[in-house]
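Enquirer: kindly return the folded structure for what I paste below:
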Amino acid sequence: MNNSIKKTILVVDDTPENIDILSGILSDRYFVKAAINGDIALKIINNHHLDLILLDIMMPEMDGYEVLKQIKENTITSGIPVIFVTANEKHNLEYNQNIEGYLQKPIDPNTTLELIENILTNHHLKSVTN
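Expert: The predicted model follows:
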C-alpha cells in the first residue's frame with residue numbers, strides 16, 4: 001500500500017480500553033478517529049472522509065447493526081468498508097454482505113493490520129477500476 005498518504009480509520013467501541021488498544025495498533029500507520037457510541041460515530045462518518053470503520057457490534061442504545069444499517073442506507077457513506085469487532089464467536093450472517101470482515105476480541109495486532117491492509121488495498125483497486 002502507498003504509505004505517502006495516510007488513510008483514516010474510525011474506531012467505534014463503547015469501551016475506552018478497546019479504543020486505546022486499537023488506536024495503539026493503528027496509529028503508526030493510519031490516522032485514527034474514535035467514537036464511544038453509535039450517535040457520535042454517525043456524526044463523524046457524516047462529517048469526515050473515512051477510509052475504513054472498525055465497528056463494535058455490542059453497544060448500548062445503538063448497536064453496531066443499527067450503525068451499519070444507517071451507513072449503508074446513505075449513498076455518501078455506503079461505500080466505506082466496515083469491519084465488525086466482536087467478542088461473540090457467533091456472527092449474524094445476515095450482515096455478512098454489508099461488511100468486509102470480522103475481528104475477534106481480544107484483538108490480535110498482526111491479524112488486525114493484515115485484514116485492514118488487505119481491505120484497503122482491495123477497496124482502492126475496486127475504486128480505480130470502476
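
Enquirer: in this protein, which spans are helices?
Expert: 16-26, 38-47, 64-73, 109-129 (DSSP state H).

Enquirer: list the contacts of the longest one.
Expert: Looking back up the chat, that one is helix 109-129. Contacts of helix 109-129 with the rest of the structure, by Cβ atoms under 8 Å, 6 or more residues apart in numbering, involve 1, 7, 9, 22, 25-26, 29-30, 51-52, 79, 81, 83, 100-101, 103. (C-beta placed from N, C-alpha, C; glycine too.)

Enquirer: give me the buried subset of those.
Expert: 7, 9, 22, 25-26, 29-30, 51-52, 81, 83, 100, 103 (16 or more other Cβ atoms under 10 Å).

Enquirer: which of these lies closest to N37?
Expert: Using Cβ to Cβ, L22 comes nearest to N37 of these, at 15.7 Å.

Enquirer: surely the closest one touches I53?
Expert: No - counting by Cβ atoms under 8 Å, L22 stays clear of I53, with 11.5 Å between them.

Enquirer: burial count for the closest residue to F31 other than its chain neighbours?
Expert: Excluding the flanking residues, the one nearest F31 by Cβ to Cβ, 6 or more residues apart in numbering is T8, at 4.4 Å. If you count neighbours by other Cβ atoms under 10 Å, T8 ends up with 15.
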